[in-house]
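Enquirer: With the input below, show me the fold.
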Amino acid sequence: MKNLIDQIISDNKHGSTVLFKQAVQYFLTIDEERFLLDIKRESKKLADHFYAMGLFQKLNAELQKIQSTKKLKSYLWQIQTHLYKNQDMINAMAVKAIYTNCTLLTISHSSLVREAVTAINKSGTLQKIFCLRSAPANEGEILVKELIDRGINAFLIEDEEHHGLIDETELLIMGCDLLSTTFFINKKGSKNLVEWTEKNNIPVWIVGDLLRFIPVFQARISKDSLFEQIPYSDNMKILCEKGLITQQEILDELMAIKARDEKGKN
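Expert: Numbers count the residues shown, from 1 in each chain. Below is the predicted model of the structure:
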C-alpha cells in the first residue's frame, strides 16, 4: 500500500481526477477487515498532502466515519461510478455548448478537460487548442501529446505566449482541483490567465464535477505551492454534471449542496 500511495503523492504530472481514481481503485482491491485502519490512515495521508484537492478532502472525511470494509467498499464503488458518469455528462454538455469551430486555450493537465476537448473534437466543432507548458512541472507537454495522439489539432506554447493569442482565443477551458463558494483552486498561473481573459472579454469554462466542492476551505496555500485560489468572475461558467452554469447558478448550486450536507449531519 505504502509504495503506491507514495507514488501518487509524488506525481506532479497528472491532475487531481487521475490521482484520485488511482487511489480509489487501489483501495477497492483491499478486502480484509484488518486493513480498514490502514486505508483510513493512507486516506488521511493523501488528504494532508493534497490539501488543495477537493476530491481527496471529501473522500477522507467520509472514510473516517466508516466502520467496516464492506461499507467502505460500497462507498468507494459509488464514488467511482459517479466519477465516470459525471465525465460522460460533462462531455455531452461540452458538445452541446459549442456550435461552431472554435479555438481553445488551456493550462496544466486536466483529464476532465482532455475528455471534454476530445468530445468537442469528435463533434467537428474544434478548430485547435493551445496548451500552456505549465512550468515548473511542464504537465502541459503530456496533455498536448495525448491530444495529438487522438488526432486533435493541439499546440504547446510557453506560459507567457498566450498574450499574443488575443485574436485567436475564443474560450479558456481549464480544470479545477477544488470548488468553493467564492473561488476555485487550480494550477499556479491560472489566476493571471483568468485576469487576462477578463481584460480581453474572453469567456472561461471551469471544468469540474461537484464532487470536489468544499464549502469551507480553511487551509492556507503556501507561496511555493503549485496551486492557487482564483475568485469567480462574471466571464466564468462551470462545466459540470449539472450543465454549463453561470456564476450565480454556481453559488446557488454549491450552497444547495452545502445545505444538504449540513442537514445530513443533523
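
Enquirer: shaky segments in the stretch 151-266 of the chain?
Expert: Scanning the stretch 151-266 of the chain for pLDDT under 70 picks out the ranges 265-266.

Enquirer: any chance you could map the strands in it?
Expert: Listed from the start of the chain, the stretch 151-266 of the chain has strands (DSSP state E, counting those that start in this stretch) covering 154-157, 171-175, 178-179, 183-187, 204-207, 227-231, 236-240, 243-245.

Enquirer: To residue 42, which of these lies closest?
Expert: Nearest of the strands of the stretch 151-266 of the chain to residue 42, taken as CB to CB: strand 178-179 at 20.3 Å. For glycine as for every other residue, the C-beta is placed from the backbone atoms N, C-alpha and C.

Enquirer: Distance from the chain centre to that closest one, please.
Expert: In terms of CA atoms, centre = their mean, to the nearest Å, the centre of strand 178-179 is set 8 Å apart from its chain centre.

Enquirer: Residues in contact with it: which ones?
Expert: When contacts are taken as CB atoms under 8 Å, 6 or more residues apart in numbering, the neighbours of strand 178-179 outside the stretch itself are 52-54, 57, 184-185, 206, 208, 210, 212-214, 217, 238, 250, 254.

Enquirer: at 6 Å what do you get?
Expert: If you take CB atoms under 6 Å, 6 or more residues apart in numbering as the criterion, strand 178-179 is touched by 52, 54, 185, 208, 212, 213, 214.

Enquirer: check contacts around the residue nearest to the second one when sequence neighbours are not counted.
Expert: With CB to CB, 6 or more residues apart in numbering as the criterion, residue 54 has its nearest non-adjacent residue at 3.2 Å, and that residue is residue 212. Under the criterion of CB under 6 Å, 6+ apart, the contact partners of residue 212 comprise 54, 55, 178, 179.

Enquirer: Heading C-terminal from the lengthiest helix in the chain, find the next helix or strand.
Expert: For the chain, the helix that runs over the most residues, judged by DSSP state H, is helix 69-97. Read in the C-terminal direction, the helix or strand following helix 69-97 is strand 102-106, with elements assigned using DSSP states H and E.

Enquirer: which helices and strands does that next one pack with?
Expert: Under the contact definition 3 or more CB pairs under 6 Å, 6 or more residues apart in numbering; DSSP states H and E, strand 102-106 sits against strand 126-132, strand 171-175.

Enquirer: on contacts alone, who are the packing partners of the last one?
Expert: By that I understand strand 171-175. The criterion is 3+ CB pairs under 6 Å, 6+ apart, and the helices and strands that strand 171-175 contacts are strand 102-106, helix 111-122, strand 204-207.

Enquirer: hmm, who's touching that strand?
Expert: 15, 102, 104-107, 110, 112-113, 186, 197, 202-205, 207.

Enquirer: repeat for the first one
Expert: Around strand 126-132, the neighbours that count as contacts under CB under 6 Å, 6+ apart are 101-107, 117, 120, 140, 143-144, 153-157, 159.

Enquirer: Pull out the buried residues from the helix or strand following that strand.
Expert: Next helix or strand after strand 126-132 toward the C-terminus (DSSP H and E): helix 140-149. Across helix 140-149, burial judged by 16 or more other CB atoms under 10 Å covers 140, 142, 143, 144, 146, 147.

Enquirer: with the residues you listed in mind, which one is nearest to residue 77?
Expert: Nearest to residue 77 out of these is residue 146 (CB to CB; 27.2 Å).

Enquirer: Could you measure from that closest one over to residue 109?
Expert: Computed as CB to CB, to the nearest Å, the residue 146 to residue 109 distance reads 8 Å.

Enquirer: Kindly report the same for residue 121.
Expert: Summarising the geometry, the distance separating residue 121 from residue 109, computed by CB to CB, is 17 Å.
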